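Visitor: Provided below are the primary sequence and the corresponding predicted coordinates.
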Amino acid sequence: MTQYRPKGFIRPLRPELQSIKRATDTALIFVTLYLSLFVYREPFGKEYLGLFIVCTVLFGIFAEHQEIYHGWRGDPMFDDAIRILLSWILAFALVAGGFFVFDFGFEYSREVMELWLPLAPLSIIVLHTLRRSALSYLRRHGLNTRTYAILGGNSLGRRLNVALAEMPWLGYQFIGFFDDRIENKQRREQEDMVDNIIGDFKELLDRAKHGEIDHIYITLPLRAEKRINQLVQELADSTVSVNIVPDFFTFNLMQSKLSSVKGIPVVSVFDTPLNSSLDGAAKRLEDLLLCAVILPLIAIPMLLIAIAIKLTSPGPVIFKQLRYGVKGEPIEVWKFRSMTVCENGDNVKQATANDSRVTPLGGFLRRTSLDELPQFLNVLAGTMSVVGPRPHAIAHNEYYRKRIQGYMLRHKMKPGITGLAQISGCRGETETIDKMEARIHHDLEYIRNWSVILDIKIVIITIFKGFIGQQAY
């Protein structure tokens, strides 16, 4: 008689070690503040206690956002150090900004703050480095090591093995790849299989039953659902820990995230990096700060350009064109008029070399991107961003969305005045599908890898090389 077994739920992993890391980092922040006060003989009063609490809470928020305590990241220690430093600077900057705006009736010692500001993050970085080095040393010498094998000698299995090998502090020792398709050379070529497969599933099961393997990772394709189910049932006759690694990389993932709904795992395939309120607020604050710096600098040049346009050709100074914004919603984008026509319908022809519609002044404005300066007003209004995928005319959107897979995914973020495609040379006319595909490739790469640091990098590169292009007619 077959016994009914409830399926259950998948619960999130909450390792206690991560809680200990958070607690020790909090203790270090307190100790470094107390040490700074001791050096300059300042009393530890309630004002400094409040400062410690606020800074610690803010640091915890930013640290969680930067995934500092997510052990699965496996980043090099240098990358972790940058994340820790950035989280602390952001927390300290918010607190300092609050004291600059509001008068709390108490002044903190400048010397204490100048010492505490670098001392706290440096102590946390040192502790994380020592912890990681100690774990690597102990596990290299056989303490608390675990063996693992990968069932599925394909590209996903290879990728998993490389990721685990780059984290020696986990103490994992690789046994080898196992796959039933070891003798089928044609299927191996089709599946991009690895060469060093040491056995089939039967041999893996035998070694698991003899206690030679602690963990098994199954990296077979998702289409092999029945086979995976059969393998898992057979592995239940052993004490090995079984892990299924779903091959979601067959999809063109963009800002993919794992979440759960009452224990039911959910994986987003296409998402926006600005789903969290913190990221959205950071992006909007970045735009407003850049506008606050740039608009006063370009106000007089914009006035002179407007006068020049009015004096050199008939028509409006500002050309307003409907384009797609975030989520594909129509927005009105402003530009200085550079042509004798103002096309804004279902058929919009791109500017080409020696285009008769472009005015002499308009040609200069287009080559130098000065015609796009009014779009900073769009940024101020919130319909555009300083950095993002360039907005295209609605007619062009409707044309290319039918010809380029994933074209509309570029509208997962607000369109920008400049972007990764522009600093990569993808400007101007796109007379071939290949040129537009190259632009879309850079747009989607930007969305996949978005960060405030990437935006700042793009802005800096734009200042030096992004305004002028030979393909901008």
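Guide: Sure, I can see it. Numbering: from 1, shown residues only.
Visitor: Would you check that residue 220 makes contact with residue 227?
Guide: Yes. Because the distance of 6.5 Å satisfies C-beta atoms under 8 Å, residue 220 is recorded as touching residue 227. Just so you know, the C-beta spots here come from the backbone N, C-alpha and C atoms, and that holds for glycine as well.
Visitor: between the two, who's got more neighbours?
Guide: Set residue 220 next to residue 227 and count neighbours by other C-beta atoms under 10 Å: residue 220 wins out with 24 against 14.
Visitor: helix or strand right after the least confident helix or strand in the chain by mean pLDDT?
Guide: Ranked by mean pLDDT, DSSP states H and E, the helix or strand of the chain with the weakest confidence is helix 185-190, at a mean of 54. Next in sequence after helix 185-190, counting helices and strands by DSSP states H and E, comes strand 197-199.
Visitor: buried stuff in that following strand?
Guide: 197, 199 (16 or more other C-beta atoms under 10 Å).
Visitor: need the next SSE after it, C-terminal direction.
Guide: Following strand 197-199 in sequence order, the next helix or strand is helix 201-209 (DSSP H and E).
Visitor: Counting by contacts, list what that next one packs against.
Guide: strand 146-151, strand 172-178, helix 225-235 (3 or more C-beta pairs under 8 Å, 6 or more residues apart in numbering; DSSP states H and E).
Visitor: then it to CSV, C-alphas only?
Guide: C-alpha atoms of helix 201-209 as CSV (Å, rounded to 0.1, in the frame of the first residue of the first chain):
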residue,chain,number,x,y,z
PHE,A,201,23.7,7.7,-11.8
LYS,A,202,24.0,4.1,-10.6
GLU,A,203,27.6,4.7,-9.5
LEU,A,204,26.6,8.0,-7.8
LEU,A,205,23.8,6.2,-5.9
ASP,A,206,26.1,3.5,-4.8
ARG,A,207,28.7,6.0,-3.5
ALA,A,208,25.9,8.0,-1.7
LYS,A,209,24.7,4.8,0.0
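Visitor: So what touches that helix?
Guide: Contact with helix 201-209 is made by 149, 151, 175, 178-180, 213, 216, 231, 234-235, 237-240, as judged by C-beta atoms under 8 Å, 6 or more residues apart in numbering.
Visitor: cutoff 10 Å now
Guide: By C-beta atoms under 10 Å, 6 or more residues apart in numbering, the surrounding residues in contact with helix 201-209 are 147, 149-152, 175-180, 182, 198-199, 212-216, 218, 227, 230-231, 234-235, 237-242.
Visitor: what lines up beside whichever helix or strand comes after that helix in the sheet?
Guide: Toward the C-terminus, helix 201-209 is succeeded by strand 215-218 as the next helix or strand (DSSP H and E). Paired neighbours of strand 215-218 in the sheet (DSSP bridges): strand 146-151 (parallel), strand 241-244 (parallel).
Visitor: Tabulate those strands (JSON lines), appending mean neighbour count and distance to residue 387.
Guide: Formatted as JSON lines, the strands paired with strand 215-218 follow (neighbours: other C-beta atoms under 10 Å; distance: least, C-beta to C-beta, whole Å):
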{"stretch": "strand 146-151", "mean neighbour count": "22", "distance to residue 387": "40"}
{"stretch": "strand 241-244", "mean neighbour count": "14", "distance to residue 387": "39"}
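Visitor: Could I get the ones you listed in TSV, plus columns for distance to residue 454?
Guide: Formatted as TSV, those follow (distance: least, C-beta to C-beta, whole Å):
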stretch	distance to residue 454
strand 146-151	33
strand 241-244	33
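Visitor: Rebuild those as TSV, extending it with mean pLDDT and distance to residue 135.
Guide: Shown next, in TSV, are these (pLDDT from 0 to 100; distance: least, C-beta to C-beta, whole Å):
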stretch	mean pLDDT	distance to residue 135
strand 146-151	92	13
strand 241-244	90	20
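Visitor: In the protein, which helix is the longest?
Guide: The single longest helix within the chain, with elements called by DSSP state H, is helix 277-312.
Visitor: ok, residue 397 touching residue 389?
Guide: No. Taking contacts as C-beta atoms under 10 Å, residue 397 lies outside contact range of residue 389: 11.2 Å.
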